[in-house]
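Engineer: Model the following, please.
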Amino acid sequence: MENKNIRYTDKREYTSEQIHALFKSVDWLSADYPQRLFKALNSCETVFTAWDEGRLIGLINAIDDGELTAYVHYLLVDPEYQKLGVGKKLLDMVKEKYSNYLYLLLVAENQGLIEYYEKNGFEKEKDTSVMVILKK
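Structural biologist: You can find the predicted model right below:
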């Protein structure tokens, strides 16, 4: 598939159903909670989306403290559109928005993601561990 007329925006034009379909396409746990996911995204400081006509094909969001630190929480691209630069473009948009912040952080959950984020300017932090309480 070619990278044709993909449109990127910070406008929250998505519906709960579109969000659910995108998260389901990558088989993420968050997809099991569509109403909560929609509400959570609409509460975030930053959400950028990618569209192929009326189809939501990618999304990135960030949570920030308004001055020093921003966390990239989600970056996902529909599998049919992966390897076309959509994720990189979304990531670049967040990096630009937070270019004056001291920290831009994210969690990479596997070696493939670590390599992807390293290619996009992130570095592994030494002596750190991800800590979590997961309530399903």
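Engineer: State the distance from the spatially closest residue to residue 31 that is not a sequence neighbour to residue 36.
Structural biologist: Closest residue to residue 31 in three dimensions, ignoring its sequence neighbours and counting by Cβ to Cβ, 6 or more residues apart in numbering: residue 23, at 3.7 Å. Every C-beta, even on glycine, is put in place using the N, C-alpha and C of the backbone. For residue 23, the distance to residue 36 equals 11 Å [Cβ to Cβ, to the nearest Å].
Engineer: And the two? Which one has more around it.
Structural biologist: residue 23 (22 against 10; other Cβ atoms under 10 Å).
Engineer: Shouldn't the more buried one be within a helix?
Structural biologist: Yes - if the criterion is DSSP: H, G, I helix; E, B strand; the rest coil, then residue 23 is within a helix.
Engineer: these two touch, right, it and residue 37?
Structural biologist: Yes - with contact defined as Cβ atoms under 8 Å, residue 23 reaches residue 37; the gap is 6.4 Å.
Engineer: residues contacting residue 99?
Structural biologist: For residue 99, no residue counts as a contact, taking Cβ atoms under 8 Å, 6 or more residues apart in numbering as the criterion.
Engineer: Show the backbone phi and psi for it.
Structural biologist: Taking degrees, to the nearest 10, you get phi -60, psi -20 for the backbone angles of residue 99.
Engineer: what pLDDT does it get?
Structural biologist: As summarised for this prediction, residue 99 has a pLDDT of 97.
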